[in-house]
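>>> Predicted model and sequence below, questions to follow.
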Amino acid sequence: MNIGIDIDDTITNTYETLIPIITMKYGMRFDKLLKQNPSYSMLHNVLPDFKSFVLDNYTTMAKMVPLKTGVVDVLNKLKEDGHKIIFISARNNIEYNNPYDISLNYLKANNIPFDKLIVNVKDKAKECILQDIDLFIDDNTKNCKAVKSKGIETLQFGTIFTPRNKHLKRVNTWEEVYSQVQEMFA
């Protein structure tokens, strides 16, 4: 089975790392920002000079952001079970200096098994079709809904920033991901 996986906030704690940095930079309270249901697009629209902040910080942050608990063990199990792992990321040249190399080096440095890495993906549903994905895992509701609409199984990885959606299967840990994969494709 081909498993497509997002990077930021799916295998990493990107937002959990980014939001405290944003609150310090802009003199905001963490709880106040959370009440606004922050998203990347909302931050770009609401915060002054956020584009400059992105350019100055995303590349550095992407190199150091911590992994989600259990992700390496589960991805190793999935590989051992014969699944192909394809990372499909929206990381792009506008927000990151060389998103492919940053992502590749991060995956290698953290011993994350994978078969393919694709960055700068604007339409994840289209990319999932091109890559013959059987299961797609992402934190982003819009991406999950778009991929699901193409008849591809999806799991939405929950974070404190991801609103629940009754139309999507939600997982909160990588152990839950493994359990769902076992049930779906046993």
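On my side now, so go ahead. Quick caveat: nothing in here was measured; it's all calculated off a predicted structure.

>>> any idea of the mean pLDDT in the top helix by length along the chain?
Among the segments of the chain that qualify as a helix by DSSP state H, the longest is helix 50-64. Averaging pLDDT along helix 50-64 gives 80.

>>> Quick check: buried residues in that helix?
For helix 50-64, burial by neighbour count (16 or more other CB atoms under 10 Å) applies to 50, 53-54, 57-59, 61-62. Every residue, glycine included, has its C-beta placed from N, CA and C.

>>> Same check on stretch 107-127?
Judged by neighbour count (16+ other CB under 10 Å), stretch 107-127 contains these buried residues: 107, 112, 114, 117-119, 121, 124-125, 127.

>>> and that stretch, what's its mean pLDDT?
In this model, stretch 107-127 has an average pLDDT of 98.

>>> Can you name the residues in contact with it?
4, 6, 11, 67, 71-72, 75-76, 79, 84-93, 99-100, 103-104, 106, 131, 136, 138, 143, 146-147, 149-150, 152 (CB atoms under 8 Å, 6 or more residues apart in numbering).

>>> Which ones among these lie within helices?
Those of the contacts of stretch 107-127 mapping onto helices are 71-72, 75-76, 79, 99-100, 103-104, 106, 143, 146-147, per DSSP H.

>>> Low-confidence regions, the chain specifically.
39-40 (pLDDT under 70).

>>> So what's the gap between stretch 142-162 and the chain middle?
How far stretch 142-162 lies from its chain's middle: 11 Å, per CA atoms, centre = their mean, to the nearest Å.

>>> In CSV, list the C-alpha atoms belonging to it.
The C-alpha trace of stretch 142-162 is given here as CSV (Å, rounded to 0.1, in the frame of the first residue of the first chain):
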residue,chain,number,x,y,z
LYS,A,142,-9.0,21.1,3.6
ASN,A,143,-6.4,18.7,2.3
CYS,A,144,-8.0,15.7,3.9
LYS,A,145,-11.4,16.6,2.5
ALA,A,146,-10.0,17.1,-1.0
VAL,A,147,-8.1,13.8,-0.9
LYS,A,148,-11.1,11.9,0.5
SER,A,149,-13.3,13.4,-2.3
LYS,A,150,-11.1,11.5,-4.7
GLY,A,151,-12.0,8.2,-3.1
ILE,A,152,-8.7,7.9,-1.1
GLU,A,153,-8.8,6.8,2.5
THR,A,154,-7.7,9.7,4.8
LEU,A,155,-6.7,10.1,8.4
GLN,A,156,-6.7,13.6,9.9
PHE,A,157,-3.9,14.0,12.4
GLY,A,158,-5.4,15.9,15.3
THR,A,159,-3.6,18.8,17.0
ILE,A,160,-4.7,21.5,19.4
PHE,A,161,-5.0,23.7,16.2
THR,A,162,-7.0,21.2,14.2
